Structures are given as C-alpha cells and as structure tokens.
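Participant: The sequence and its predicted three-dimensional model are supplied below.
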Amino acid sequence: MSFPTGLRLSGHGLMLREWDDGDLAAMVGLFDDPDVAYWTPLVTPFDLGAARIYLKRAGERRAEGRRVQLAITVDGHEPVGEVMLMLAGTGLDVAEIGYIVGAAHRGRGLAARAVRVMTGFARDTMGITRLLLEIEAGNAASEAVARAAGYHLTDAPPIPGEDKGRPLYLRTWAHGRR
C-alpha cells in the first residue's frame, strides 16, 4: 500500500500537510514538552537534532508505505501538532492513528478534529476498514479525544509495554460500531 504524494488533507477547520525541513524548530516547540515526553515514545529532550532524526525517520517510514505523519495546521502553514496513520503491513485493512497537539494549542478540539480527518482519509482513500487508537490507561485527555472523534473502548485486553523505563498498558479503541 502506498500513500499519495504531496498529501494535504482538509476538513473540520484544519489542513493536514506533510512535514518539511522548515518545520524543525516548530517540531521542537511542539514535542519538547513534559506531557509529550510522558505519554509518547518520543525522545526527551526533543531538540533540533532529535527533530532532524524524527523527520528523516518519518520520510523513511512513508517511503516504505508503513506510516504517514502529517502536521496539523489551522492555516496550512504553522504546525500545532501531528496526526499519523500507521499500517501494520502492506495490504492489511487495519491501521492505527496517533496524534500529538502542542501544549499551547490544547483545549481547542484540534486533536479530535485531526483524528476525524485522518479517519475519513483512511477509510475513503486508503480503504482501511478497521481503525484503532492505542491509549495508555490513565491518559484522560487522549481518551476524551478518542470519544470526541467517534472511537470507543474495546474489550481487548490491555497491551503491556515499557517506555523510558516505566511499565505501561495500552488500551485499544476502535472507530465506528461496537
């Protein structure tokens, strides 16, 4: 499966676009945050070097057809966060969506709107029928995003893991009918 080139998605008052080299400083401002460090696997501190590596890896994963990571913007220019679509493998009809919104931009419904736009793209353009979110138990803000974007908690057992030396349990949320 491959993603369209020059991907730009719009809807719900947002423009989602590809990251580029001009976004490195903005990425630092968005991702070098204690909440992002705690709830995501991103490195901390997230500095310009980390941003360069992140952007390079995003390009590699996109080229492999495994993941597309888009900047969330309200104007098509200044990033306020990121939303990503991650495929488990080529030809599969299941994918996961992830998202981050910078601290200065939270509380405006940006993450839920971005997830809705990405969900529509995944279903309508990519033909993905089962969309999931994996949210760490206790992440109330992310659970609120999931609910607002039309996702519900599934009965799947929590997925155990570890991040930065601490144990975690990811709960699975699915889009659409129960």
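Facilitator: Perfect, thanks for sending it.
Participant: And Thr90, what's its pLDDT?
Facilitator: Note for Thr90: predicted pLDDT of 54.
Participant: Could you count how many residues lie near the closest residue in space to Ser2 that isn't next to it in sequence?
Facilitator: What sits nearest to Ser2 in space, not counting adjacent residues and going by C-beta to C-beta, 6 or more residues apart in numbering, is Gly65, at 4.9 Å. C-beta here means a position set from N, CA and C on the backbone, and glycine is covered the same way. By other C-beta atoms under 10 Å, the residues close to Gly65 number 14.
Participant: A strand includes Gly65, no?
Facilitator: No - going by DSSP: H, G, I helix; E, B strand; the rest coil, the assignment for Gly65 is coil, not a strand.
Participant: so how far is Ala95 from it?
Facilitator: Noted for Gly65: a distance of 11 Å to Ala95, by C-beta to C-beta, to the nearest Å.
Participant: Mutual contacts of these two, please.
Facilitator: Any residue near both Gly65 and Ala95 by C-beta atoms under 8 Å, 6 or more residues apart in numbering counts here, and that gives Leu87.
Participant: mind checking the backbone torsions on the residue lying closest to Glu82 once chain neighbours are set aside?
Facilitator: Leaving aside its sequence neighbours, Glu82 sits nearest to Ile100 (C-beta to C-beta, 6+ apart; 5.0 Å). Backbone torsions of Ile100, given as degrees, to the nearest 10, read phi -140, psi 140.
Participant: Count the residues that sit near Ile100.
Facilitator: By other C-beta under 10 Å, the residues close to Ile100 number 23.
Participant: re the thing from before, doesn't Ala88 make contact with the residue nearest to Ser2?
Facilitator: No - counting by C-beta atoms under 8 Å, Gly65 does not reach Ala88; the two are 11.6 Å apart.
Participant: residue ranges for the strands of this structure, please.
Facilitator: Counting by DSSP state E, the chain has strands at residues 8-11, 14-18, 67-73, 79-87, 94-101, 130-136, 151-153, 159-163, 166-175.
Participant: for the shortest one, packing partners?
Facilitator: For strand 151-153, the helices and strands in contact under the criterion 3 or more C-beta pairs under 8 Å, 6 or more residues apart in numbering; DSSP states H and E are helix 140-148, strand 166-175.
Participant: what does the last one contact?
Facilitator: Under the criterion C-beta under 8 Å, 6+ apart, residues 119, 130-137, 143, 146, 149-154, 156, 158-162 lie in contact with strand 166-175.
Participant: Could you do stretch 101-117 as well?
Facilitator: Stretch 101-117 is touched from outside by 9-14, 16, 29-31, 33, 35, 72, 74, 79-81, 83, 97, 99-100, 133, 141-142, 144-146, 148-151, with contacts defined as C-beta under 8 Å, 6+ apart.
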